[in-house]
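Asks: coords please:
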Amino acid sequence: MFQHQKKDIIGGYLARPKAEGKYPSVIVIAGNVISEEYIPNTCAALAVAGGILAAVGTAAPSKHASQKLTTLTFQLKWVTQAQFAGYYAADAKGYYKKAGLDVKIRVGGPDIIYAAIKAETWFRVYPTIRYDIEGKLSPGVTAKDVFLFLANTHGDHAGHNIEFGGPGMGGLRLDARRTIAAMCTELNAEFAIFEADDVVIEHVRKRNPAPFTPTDPDADAGYAARRTLDLSQIEILVAKPDTLLNNAVPVREVAGTAIDQGFIGSCANGNLDDLEIAARVLTGRRVAPGVRLLVTPGSQEVYRQALKAGYIEIFMEAGAVVTNPTCGACSGGHMGLLGANETCITASTRNNKGRMGDPSARIYMGSPATVAASAVAGVITDPGEFLHDSLAKVAS
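Replies: Prediction:
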């Protein structure tokens with residue numbers, strides 16, 4: 001018997017589609033119950049690892065009406081792939097939403113349960129899309145712009161892996177590759193990899209004394225598609241609000257858009273290189289009145305490196321708020337939530353509606369340089385002039 005607060009969404013696979021005019025009332029995740037007490041005595045299940053193993057039970061109203069709790073007793077049960085497909089279809093058609101259920105279908109706890117019970121996990125080997133990288137990035141253009149170019153030009157990569165290689169890869173530092181690989185999740189790719197060149201091999205050797213053998217693609221490897229990615233043809237881009245796929249424009253097309261907040265951080269853009277280019281923009285400048293600029297290093301190691309390099313002091317002198325390493329504003333959990341009708345430009349992972357706070361807020365996405373420059377100007381701005389000035393100061 002388990003109890004949990006109503007609609008305390010933890011994330012997992014919802015089970016059972018609409019049946020006999022009734023909607024499911026609970027989700028069970030590793031013993032946690034998320035309930036909808038207004039639809040009692042219906043069945044719910046947790047599909048695990050592709051819809052094979054499920055926890056099935058019956059919900060009943062709690063005696064503690066003031067607490068609005070529902071209890072559930074459940075047992076493990078096998079379900080079919082067809083049943084699981086029905087669960088997804090029901091969600092896609094909005095059955096759960098219409099029933100007033102606040103439901104999310106995710107991966108997480110189910111995979112842990114499966115691994116614990118079966119002592120194994122499984123992955124489908126999807127076809128791969130290969131990008132042969134050529135050329136070099138123009139000044140001011142960053143890895144974030146590379147991602148925005150891919151998202152805008154090639155869109156959805158669902159059901160595919162992504163592989164990067166080619167002669168131009170050597171011009172991308174490791175932090176740039178981290179950003180691109182992390183952001184490929186937003187292309188719906190299964191995973192993204194870069195070939196193991198000297199940069200990667202040296203990085204691994206510094207951290208792993210054990211012998212290892214790099215793995216390269218076979219000479220006759222087959223690809224679902226093979227595309228050329230010419231870095232020299234990419235310009236500074238900004239994704240417009242609500243989606244990243246097929247939604248980026250050159251920064252000049254949205255320049256002048258007033259902002260309330262800028263954010264630099266997350267797993268995708270909290271790297272040392274990201275903080276370095278933002279510091280170049282902010283050196284000797286101040287964040288515009290009425291604008292908030294939040295900077296969140298991606299890890300404690302990055303935070304310490306940024307302290308030693310003097311970047312943290314530059315941010316604080318500019319009027320930015322530097323937080324501890326965390327998801328922070330990116331996930332909309334804390335430290336930088338957007339208010340109603342506010343506008344933000346972010347260098348993080350996602351810009352979907354409601355991602356960083358109020359659903360009415362507009363979230364643009366750009367590089368750390370673009371975010372820093374926009375925070376200084378108070379409007380979305382091309383960082384090129386700011387970076388040119390910083391290089392001129394160094395040269396003098």
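Asks: What is the burial count for residue 370?
Replies: Here the number of neighbours of residue 370 (other CB atoms under 10 Å) works out to 33. For every residue, glycine as well, the C-beta is placed using N, CA and C.
Asks: Assumed it was part of a helix.
Replies: Yes: according to DSSP: H, G, I helix; E, B strand; the rest coil, residue 370 belongs to a helix.
Asks: Leaving out the residues flanking it, which one is nearest to it?
Replies: residue 383 (5.1 Å; CB to CB, 6 or more residues apart in numbering).
Asks: Pull the number of nearby residues for the one you found.
Replies: 28.
Asks: wait, doesn't it sit right on residue 376?
Replies: No: when contacts are counted by CB atoms under 8 Å, residue 383 is not listed as touching residue 376 (9.3 Å).
Asks: Pull up the overlap in contacts between those two.
Replies: residue 281 (CB atoms under 8 Å, 6 or more residues apart in numbering).
Asks: What are the boundaries of the helices in this structure?
Replies: Taking DSSP state H, the helices of the chain run over residues 81-92, 95-98, 109-118, 143-153, 174-183, 198-207, 266-269, 272-282, 300-309, 311-317, 368-377, 384-395.
Asks: Let me see the domain layout of this protein.
Replies: Using automatic domain parsing, the domain ranges for the chain come out as 2-118, 128-233, 237-395.
Asks: picking that back up, so can I have CSV of the helices of the chain showing mean pLDDT?
Replies: Converted to CSV, the helices of the chain look like this (pLDDT from 0 to 100):
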stretch, mean pLDDT
helix 81-92, 47
helix 95-98, 46
helix 109-118, 63
helix 143-153, 98
helix 174-183, 96
helix 198-207, 91
helix 266-269, 93
helix 272-282, 97
helix 300-309, 96
helix 311-317, 98
helix 368-377, 98
helix 384-395, 63
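Asks: Which among the ones you listed is found nearest to residue 245?
Replies: helix 143-153 (5.5 Å; CB to CB).
Asks: between the closest one and helix 368-377, how many degrees?
Replies: Interaxial angle, helix 143-153 versus helix 368-377 (axes from the mean of the first three to the mean of the last three CA atoms, to 10 degrees): 100 degrees.
Asks: What is helix 143-153 packed up against?
Replies: Applying 3 or more CB pairs under 8 Å, 6 or more residues apart in numbering; DSSP states H and E, one finds that helix 143-153 contacts helix 174-183, strand 237-239, strand 248-250.
Asks: And the last one, what's buried?
Replies: Within strand 248-250, the residues scored as buried using 16 or more other CB atoms under 10 Å are residue 248.
Asks: Quick one: mean pLDDT for that strand?
Replies: For strand 248-250, mean pLDDT rounds to 98.
Asks: other SSEs contacting that strand?
Replies: Contacts defined by 3+ CB pairs under 8 Å, 6+ apart place strand 248-250 against helix 143-153, strand 237-239.
Asks: what residues does the shortest one touch?
Replies: With CB under 8 Å, 6+ apart as the test, strand 237-239 has contacts from 145, 148-149, 151-152, 247-251, 253-254, 345, 351, 364-366, 370, 380.
Asks: let's see it at 7 Å
Replies: Here strand 237-239 makes contact (CB atoms under 7 Å, 6 or more residues apart in numbering) with 145, 148-149, 152, 247-251, 254, 351, 364-366, 370, 380.
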